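# sequence plus predicted model, see below.
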Amino acid sequence: MNAGISPVRVLPELLDLISFAKDWYYKTNGKCNIAMGTLLGVWHQYRKAGISDPENAQLPPEDILKVAAIFSDPEYILIDRQNQTLYLSHRSVQLDLGAVAKGYASEIVAKELQAKGFTSFIISSGGNVRVVGKPLDGIRNKWGVGIQNPEGNPNESEEASIDVIYCTDTSVVTSGDYQRYYIVGNEKYHHLIDPETLMPASHFRSVSVVTPDSGVADFMSTTLFLTPYEEGKRLAEKLEIEAFW
């Protein structure tokens, strides 16, 4: 509401999240960008309309997408730590934290539980899994985190996983094209938008990232989903994270 008008005082936790996402944008290749809210809002509007009225589903016009993309520069996001304020320096800039917020929040919860003395637990928040310690059943030494088959039914809990990652004291986060999408003609258009093409990325069906910090895992699963394989592999190796394409 105050974008392009004046700074807004925000909670320290929210400011930390925005700073985190902006920092990681510059650490990586710029594919995951919380300043793309205006562009993603256009896609959300057309996706919502297409789901409500499938027969008349449409793609956003290219000219509208190009205009929305103009306001996606993270430099519009101005953070004042001393005064605890956030300022979006153009009135058309909007933030979208969907690519990082769940993982970041999961990491905060994990640290709070550990501070309270919990040494064995698993947090699952919709594609974001954070594990600490090992199961206390006296049998297993690691947690098993299933990877959803993109060709399967995401709403069927009994469906076999395409693979299982066995791990402890880490995070497993998956980004995929099979849960949030709509259909135009006979084509599916999902919600993970490439900032270069302004269209849903088509490199993979899903990408899972394994790394200790759940916020990093969430951010990087989106980044790698939007990145061609060879470039993404080099980036994962540089950042010392594991990925499953």
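Looks like it arrived, so ask away. Residues are numbered from 1 along each chain as shown.

# just give me the residue closest to the centre of the protein.
A99 (2.2 Å; Cα atoms, centre = their mean).

# how about that one, secondary structure?
coil (DSSP: H, G, I helix; E, B strand; the rest coil).

# pretty sure it sits against M220.
No - checked against Cβ atoms under 8 Å, the pair A99 and M220 is beyond contact range at 9.8 Å. Heads up, the C-betas are built off the backbone N, CA and C, glycines and all.

# give me the common contacts of these two.
Residues touching both A99 and M220 (Cβ atoms under 8 Å, 6 or more residues apart in numbering) are C32.

# doesn't L235 lie inside a strand?
No - judged by three-state DSSP, L235 forms no part of a strand; its state is helix.

# got the contact list for it?
L235 makes contacts with T28, N29, T223, L224, T227, as judged by Cβ under 8 Å, 6+ apart.

# ditto for V207
T174, S175, G176, S221, L224, F225, G232, A243, F244, W245.

# for it, phi and psi?
Dihedral angles phi and psi of V207 (degrees, to the nearest 10) take the values phi -140, psi 130.

# what of T170?
phi -160, psi -180.

# cool, P7 as well?
phi -60, psi 150.

# does it touch T85 like I think?
Yes - between P7 and T85 a contact is recorded at 3.8 Å, counting by Cβ under 8 Å.

# where does this protein dip in pLDDT?
1, 154, 157 (pLDDT under 70).

# hmm, try it at 80
Regions of the chain meeting the criterion pLDDT under 80 cover residues 1, 153-158.
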